[in-house]
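Asker: this one's sequence-less:
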């Protein structure tokens, strides 16, 4: 067996790999697999179609069902245009904080999970541990579903999954789901003084954006004030838009992304169907003026929410380990809903504060990282032979 690394050493190594979501993560995957192989652990991979990225998963302990999954993702968001005071791909300690891209979201948890392997092998497990590191989480949780299917095909099925997104080590039992569309509206160009003869893709697109505004207002008005979510209703948002060539020409093209963050009690598909009904009706109106106009709505992502479980095994385990018995829900999405859809009990719990995620000078506090180490130690005690 090779020399085991500490959680802090593992964090520094993982952050050093610039696994920005648009780029390959294979260098990190190669290193992690080599590290686990040296410890005597066999790993499996699930590649994307292009073979440029992979998820990694491994089973430690007895070859039986009922184990515990520690799940994290390997990709990070870009640093382009962000004003960093330090090298984003080097862990820098300052004022009780560990700076670096991914320290919070979520290579901190990945490092803690990997640090469990050597002591688990040394002490022996009465209940198996499975570790999985996914690809493409930051571009719509695209890597988790095929990874989950591969895990179920190649390993005994675990009972529960702990997804270590940053929750300040709180026990999060619910999060919103989401879906999104890449929108392309094709209009018809004429001089703006004769705009009625053409079709402005921008002005037509705004009608759909206004529909989103109206839905947000309606959802807010009927929201449950006792909901644990902030905000306590499904939201619809357009974060970027492009179109047009000049102020005096009706815009030929308009593109934007329409995204939905849905309460876990609501089906994202229902919202998508409602939106696409509006799209088709607007397209028909546009084509009355110019038949060549069209609206294309290409699905961009579809992530299920995490539904609170009644006496869920994952929730019970994490509450036992953290002592946190409060009710927590978050509005950001994770892979937990996908594990739940795959038949696992699932919960979200990890070190760090989501407010630091995706930010310049991203950090995790040393205190949070140490809380994560204590969590892992208690988990190991729970899983090891007596």
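Answerer: Looks like it came in fine. In this text the structure is predicted, and so the values were computed from the model without any measurement.
Asker: can you give me the pLDDT of the most centrally placed residue in the chain?
Answerer: Central residue of the chain (C-alpha atoms, centre = their mean): residue 334, 4.0 Å from the mean position. Residue 334 carries a pLDDT value of 94.
Asker: pLDDT wise, what is the closest residue in space to it that isn't next to it in sequence at?
Answerer: Using C-beta to C-beta, 6 or more residues apart in numbering and skipping the chain neighbours, the partner closest in space to residue 334 is residue 165 (4.8 Å). In this view, the C-beta of every residue, glycine as well, is placed from N, C-alpha and C. Looking at residue 165, its pLDDT is 97.
Asker: and residue 165, what does it touch?
Answerer: 105, 106, 109, 332, 334, 336, 348, 350, 354 (C-beta atoms under 8 Å, 6 or more residues apart in numbering).
Asker: so it: helix, strand or coil?
Answerer: Assigned with DSSP: H, G, I helix; E, B strand; the rest coil, residue 165 falls in the coil class.
Asker: give me the neighbour count for residue 210.
Answerer: With neighbours defined by other C-beta atoms under 10 Å, the count for residue 210 comes to 10.
Asker: kindly provide the distance from it to residue 298.
Answerer: According to C-beta to C-beta, to the nearest Å, residue 210 stands 21 Å off from residue 298.
Asker: save the contacts of residue 165 as a markdown table, and put in secondary structure and distance to residue 177 too.
Answerer: Shown next, in a markdown table, are the contacts of residue 165 (DSSP: H, G, I helix; E, B strand; the rest coil; distance: C-beta to C-beta, whole Å):
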| residue | secondary structure | distance to residue 177 |
| --- | --- | --- |
| 105 | coil | 19 |
| 106 | coil | 19 |
| 109 | helix | 21 |
| 332 | coil | 11 |
| 334 | coil | 10 |
| 336 | helix | 10 |
| 348 | strand | 13 |
| 350 | coil | 19 |
| 354 | helix | 17 |
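Asker: and which of the residues you listed is nearest residue 322?
Answerer: For those, the minimum distance to residue 322 (C-beta to C-beta) is 10.9 Å, reached by residue 350.
Asker: that older thread, how near is the residue nearest to residue 334 to residue 97?
Answerer: In terms of C-beta to C-beta, residue 165 sits 19 Å off from residue 97.
Asker: same question, residue 60
Answerer: From residue 60 to residue 97 the distance is 31 Å (C-beta to C-beta).
Asker: what's the answer for residue 145, then?
Answerer: 34 Å.
Asker: go on, residue 82?
Answerer: 17 Å.
Asker: so which residues of the protein form helices?
Answerer: With DSSP state H as the criterion, the chain has helices at 7-15, 26-38, 107-115, 117-123, 144-154, 201-221, 268-289, 313-322, 336-341, 366-383.
Asker: would you mind checking the average pLDDT for the first one?
Answerer: Per-residue pLDDT values across helix 7-15 average out to 98.
Asker: what's in contact with that helix?
Answerer: By C-beta under 8 Å, 6+ apart, helix 7-15 touches 5, 28, 31-32, 89-91, 98, 100-103, 107-108, 110-112, 114-115, 369, 372-373, 376.
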